[in-house]
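Participant: How does the following fold in three dimensions:
(one chain, ligands or ions: 1)
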Amino acid sequence: MEALFRHCFASVWNRQQQLCVSPPPPTDDMTMLCPVTPLKYTRYVQTLVRAFKQTSRQRCAQSEEFIRRFISDNTEIVGERTLTPEIKLRLFTPNCTFWRERPEFWPFDDPYWAIYWPGGQALSRYLLNNPGVCGGKTVLDLGSGCGASAIAAKLCGAAHVVANDIDPVAAVATHMNCELNDLEPPVCLINNVIGLKPEAFDLILLGDMFYDEALATSLHSWLDRCIEVHGTKVLIGDPGRAQFEEHGIRQLLRQLAQFELPESVREENYGLTCSGVWSYRPELCN
Ligand SMILES: C[S@@+](CC[C@H](N)C(=O)[O-])C[C@H]1O[C@@H](n2cnc3c(N)ncnc32)[C@H](O)[C@@H]1O
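Facilitator: Next up, the predicted model:
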């Protein structure tokens, strides 16, 4: 997961790291003026950053209010530039401070919830184009991130929507994004449900969840149990990542739709041009 995130934002963050993290090269003048060696200086900065992150994490655990304020201060409301302009989302954009800031100062885990991933965009577009898929259904958006696919399901009249993401900050972002769209938030679960006894959902949504082989493999066998026990339908959105295309699961999918990505999404995702939606083992589902 970290690899995917770093890949997407590597150019911005690496450039900033080169600019900011390295201490200034020692010169004779400096050594005289400043008795702190570059190594000590680096350690000092690292200790400060660790302390800052620890304090922030403790504060976060205590205060949803702090997370809300942080999200609203460090994201921008985006609509038009995605495949689903009818859904407004708070996202990380080049206008946000942390686009340029050193990642060490980010007080949470990597903000996957601050990006609307191409797989999730295609999946949400597909739902909005085909409201009957969710209408009246119980829906689980697994790896919900910013909550866009859960929001699309709600807009299509799903009877009950659960957004599940192991990052607790994603749950707060999902609540805030629902408020932006004048919707009641879905139930947000933050435990890892993959591998647990399957709940009775009519539909499971997986937007851009095939970026890691181990995750893909554990999802694969768990989805089989969901289908076996409850006949749950599974929809997957993916922009054709290698981990998806090369995984065994790929043979069990039927493609339902393909969307061209908007220009700004292409730019943020290094050359991805399209994103598709697949149904998993459609012959076995209700
Ligand atoms: C690439 S993002 C996709 C987010 C969203 N579906 C979208 O398309 O915009 C993957 C998300 O899955 C979440 N995630 C990773 N492993 C998970 C797990 N075992 N259970 C639930 N969520 C998980 C991450 O925290 C992250 O928000």
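
Participant: tell me which element the closest residue to the ligand within the stretch 101-250 of the chain is part of?
Facilitator: Closest contact between the stretch 101-250 of the chain and the ligand, by Cβ to the nearest ligand atom, is at residue 120 (2.0 Å). C-beta coordinates here come from the backbone N, C-alpha and C atoms, glycine included. Assessed by DSSP states H and E, residue 120 sits inside helix 118-129.

Participant: now that helix: mean pLDDT?
Facilitator: For helix 118-129, mean pLDDT rounds to 98.

Participant: could you show me where the strands are in the stretch 51-200 of the chain, in order?
Facilitator: 76-78, 89-91, 138-142, 160-164, 187-189 (DSSP state E, counting those that start in this stretch).

Participant: buried sites along the last one?
Facilitator: It stands for strand 187-189. Within strand 187-189, the residues that qualify as buried are 188-189, counting by 16 or more other Cβ atoms under 10 Å.

Participant: what's whatever helix or strand comes next after it packed up against?
Facilitator: Next in sequence after strand 187-189, counting helices and strands by DSSP H and E, comes strand 203-207. With contacts taken as 3 or more Cβ pairs under 8 Å, 6 or more residues apart in numbering; DSSP states H and E, strand 203-207 sits against helix 118-129, strand 138-142, helix 148-155, helix 213-230, strand 233-238.

Participant: Out of those, which one sits most buried?
Facilitator: Neighbour counts (mean count of other Cβ atoms under 10 Å) averaged over each of the helices and strands packed on strand 203-207 peak at helix 148-155, with a mean of 29.

Participant: Show me the domain layout of the protein.
Facilitator: According to automatic domain parsing, the chain comprises the domains 2-114, 118-284.

Participant: winner for burial among those domains?
Facilitator: It is domain 118-284: most buried of the domains of the chain by mean count of other Cβ under 10 Å, with a mean of 20.

Participant: hang on, residue 271 is in a strand, isn't it?
Facilitator: No. Assessed with DSSP: H, G, I helix; E, B strand; the rest coil, residue 271 is coil; it does not lie in a strand.

Participant: Show me what from the stretch 101-250 of the chain comes close to the ligand.
Facilitator: Taking Cβ under 6 Å from any ligand atom as the contact definition, the stretch 101-250 of the chain meets the ligand at 112-113, 116-117, 119-120, 142-146, 148-149, 164-167, 170, 192, 194, 207-209, 211, 215.

Participant: hmm, back to that, in TSV: the strands of the stretch 51-200 of the chain, plus distance to residue 105 and mean pLDDT.
Facilitator: Output for the strands of the stretch 51-200 of the chain, formatted as TSV (distance: least, Cβ to Cβ, whole Å; pLDDT from 0 to 100):
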stretch	distance to residue 105	mean pLDDT
strand 76-78	18	96
strand 89-91	19	97
strand 138-142	30	98
strand 160-164	28	98
strand 187-189	26	98
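
Participant: could the ones you listed be laid out in JSON lines, adding distance to residue 70?
Facilitator: Below are those laid out as JSON lines (distance: least, Cβ to Cβ, whole Å):
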{"stretch": "strand 76-78", "distance to residue 70": "14"}
{"stretch": "strand 89-91", "distance to residue 70": "11"}
{"stretch": "strand 138-142", "distance to residue 70": "23"}
{"stretch": "strand 160-164", "distance to residue 70": "19"}
{"stretch": "strand 187-189", "distance to residue 70": "17"}
